[in-house]
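Trainee: okay, predicted coordinates and the sequence, questions at the end:
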Amino acid sequence: MQTFNTKSNIGVYYELTKPKIWYLLVFTAFGAAITASNVFNVPISLATWALLLGGVAAGSAAANTLTNYHDRDIDAIMERTRNRPIPSRRINPPEKARNFGLILAAISLACAFGICFTTSFWNGILAGTFMAFGLADNILVYSYYLKRKSRTNIILGGFSGGAPALIGYVAVTTIGLWDFGLVIAGLVFVWIPMHIWALTLHFKDDYKKVNVPMLTAVQSEKTSARIIAGTTLMMVLFSVVPFFLTHDNGDPLMHEVYLYTAIASGALMVILSFWVVAKPTEKASWVLFKFSSPYLAVLFIALMVDSVL
């Protein structure tokens, strides 16, 4: 507990934002922007980069901060979360965290809509709309409404996970938004259930303690393992979809580099998920969870590398 007292206020508020989560989301926005830029040969200005990355970082941090504020009662009970800044009273009163989150949300919206001035009016309108949607889905739909009521909460609440990638895409172009752009964002959306359910299986006793009906916490371990394996397989199958998309002239958007990377990394995830089925233990689910974030990052790296070839 002594380490808590030596941390600066900045460090505590930084911890509140769950940086490991928003690092990955900012990376998906970055990856989507680089991919769209290379595929459609659209340059990205420094001002657009600043608004895009700053806005997605602020928006993701805002969502995490405000969900932490809302969940402060159950976080104080769960072993995994009781040392977070609010339940540990390192931020007190909790309203300070709420106000901080609202400021971050305002900054994120200002940055997203500010893209109107660095690219085009409609690019900025779309970026701002996707930012607002992501914030609303994560904070209101998932955290405030579904999380404590529905065992499938993460499915509807997972739409927000794809918002940063969409924002990154429209910060560059709207060409192919409703096919290629949605598929890139879909990589994050279909990844989220596997990622979260592997985590909740590992900490199922914590979730049961606070009556939060996460699917893999309320089902039997065997059923949970099968659900995780099923969603992992769905994720892997979906991950190859970008390879089959084409330009209007029939030329492929992605090539073999992306396809082979998606297949190889996906095979590893399927093997790990089958291990969870064979041995539905907390250890197996934890290993799958720890591999899931690097897996998503690898897919976006493959998108970027393939797009320059």
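Mentor: Sure thing, it's come through. Residues are numbered from 1 along each chain as shown.
Trainee: okay, the residue minimising distance to the centre of the chain and Val190: tell me how far apart.
Mentor: When CA atoms, centre = their mean is applied to the chain, the residue found nearest the centroid is Gly161 (3.9 Å). As for Gly161, its distance to Val190 is 10 Å (criterion: CB to CB, to the nearest Å). All C-beta atoms are positioned from the backbone trio N, CA, C, and that covers glycine.
Trainee: quick one: the residue of the chain positioned farthest from its centre from Leu259, how far?
Mentor: Distance from the C-alpha centroid of the chain peaks at Asn249, with 32.8 Å (CA atoms, centre = their mean). Distance, Asn249 to Leu259, by CB to CB: 20 Å.
Trainee: what's the answer for Gly59, then?
Mentor: The spacing between Gly59 and Leu259, counted by CB to CB, is 31 Å.
Trainee: between those two, tell me which one has more neighbours.
Mentor: When neighbours are counted by other CB atoms under 10 Å, Gly59 comes out ahead of the other of Gly59 and Leu259, with 31 against 18.
Trainee: distance check, that one against Cys111.
Mentor: 8 Å.
Trainee: shared neighbours of the two, anything?
Mentor: Both Gly59 and Cys111 lack any common contact, where contact means CB atoms under 8 Å, 6 or more residues apart in numbering.
Trainee: so what's the residue lying closest to Gln219 once chain neighbours are set aside up against?
Mentor: Nearest residue to Gln219, sequence neighbours excluded (CB to CB, 6 or more residues apart in numbering): Ile227, at 6.9 Å. By CB under 8 Å, 6+ apart, the contact set of Ile227 is Trp197, Leu215, Thr216, Gln219.
Trainee: what helix or strand does Ile227 sit in?
Mentor: Remark: Ile227 resides in helix 221-239, with elements defined by DSSP states H and E.
Trainee: give me the distance from that helix to the chain's centre.
Mentor: 18 Å (CA atoms, centre = their mean, to the nearest Å).
Trainee: again with stretch 76-95
Mentor: Worked out by CA atoms, centre = their mean, stretch 76-95 lies 23 Å from the chain centre.
Trainee: from one end of that stretch to the other, what's the distance?
Mentor: By CA to CA, to the nearest Å, the extent of stretch 76-95 from end to end equals 16 Å.
Trainee: where is pLDDT lowest across the contacts of Ile227?
Mentor: Among those, Thr216 carries the lowest pLDDT, at 83.
Trainee: wait, that residue sits on Trp197?
Mentor: Yes: judged on CB atoms under 8 Å, Thr216 makes contact with Trp197 at a distance of 4.3 Å.
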